[in-house]
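J.: build me a model from this:
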Amino acid sequence: MNHPLRRRIAVATTAGLAGLALLAGCSTSTTPATTASSTSAATATTPTSAVLPVATDPIVDDSTTPGLEVSQVLVEDNTDASGADIPDCLQVTISNTSSQEATGLEMYYTMTDTTTGASESYYQALDGVTIPAGGTVTVWFDGGSGTGHYPENAYSIYRSSANEVDFTVEVAASGLQIAMGTGAKSAGTGEQAD
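T.: Numbering: from 1, shown residues only. I've put the predicted structure just below:
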């Protein structure tokens, strides 16, 4: 014959073990995201996306067909499409001197603090941007919305270092040779009048 007290203890023990199993299951689902998933966020193109440095250059382009050029890299004294002054940001002007439309554009850029040697690299698919044959476009890494505007890391070396920061920019397009450009931020932080 089963004793009522033994039955209550068995039920309580079973319930307690189930509760511990449930807590153990919950605690394993709260582990931090891996580096791989954090890195993939860098390729997102919405202004609200996280922008994180990438460890390697993901661009694969072995074309030798000339035509893509980085005509200008600005990181201070910026202007908008009409030529009006805008807050400092990474601004890249890309020209297509080929006879074909430039599509599938993507950009990889590195910023380096010239005093400390610290550097960070970022990747961005330039979704929505095409360059007609003989045309030129400008893109801004300003966190703005609309075609040609992309997110930036507000905590990057560019934004946090008071030292000079050098930029190297690599732009690729389908079927065209990679184009390179450079720019530099002077020592100091924030917008400064010249």
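
J.: what's the spatially closest residue to Ser161 that is not a sequence neighbour in contact with, if anything?
T.: If you skip the residues right next to it in sequence, Ser161 has Asp113 as its closest partner in space, 4.8 Å away by CB to CB, 6 or more residues apart in numbering. All C-beta atoms are positioned from the backbone trio N, CA, C, and that covers glycine. The contact partners of Asp113, by CB atoms under 8 Å, 6 or more residues apart in numbering, come to 119, 157, 161, 163-165.

J.: hmm, try it at 7 Å
T.: Under the criterion of CB atoms under 7 Å, 6 or more residues apart in numbering, the contact list for Asp113 reads 157, 161, 163, 165.

J.: what about the first one, neighbour count?
T.: By the other CB atoms under 10 Å criterion, the neighbourhood of Ile157 contains 19 residues.

J.: ok, now how distant is it from Glu106?
T.: Look at Ile157 and Glu106: by CB to CB, to the nearest Å, they are 21 Å apart.

J.: which SS class is the closest residue to Pro53 other than its chain neighbours?
T.: Using CB to CB, 6+ apart and skipping the chain neighbours, the partner closest in space to Pro53 is Glu120 (4.4 Å). Remark: Glu120 carries the secondary structure label strand [criterion: DSSP: H, G, I helix; E, B strand; the rest coil].
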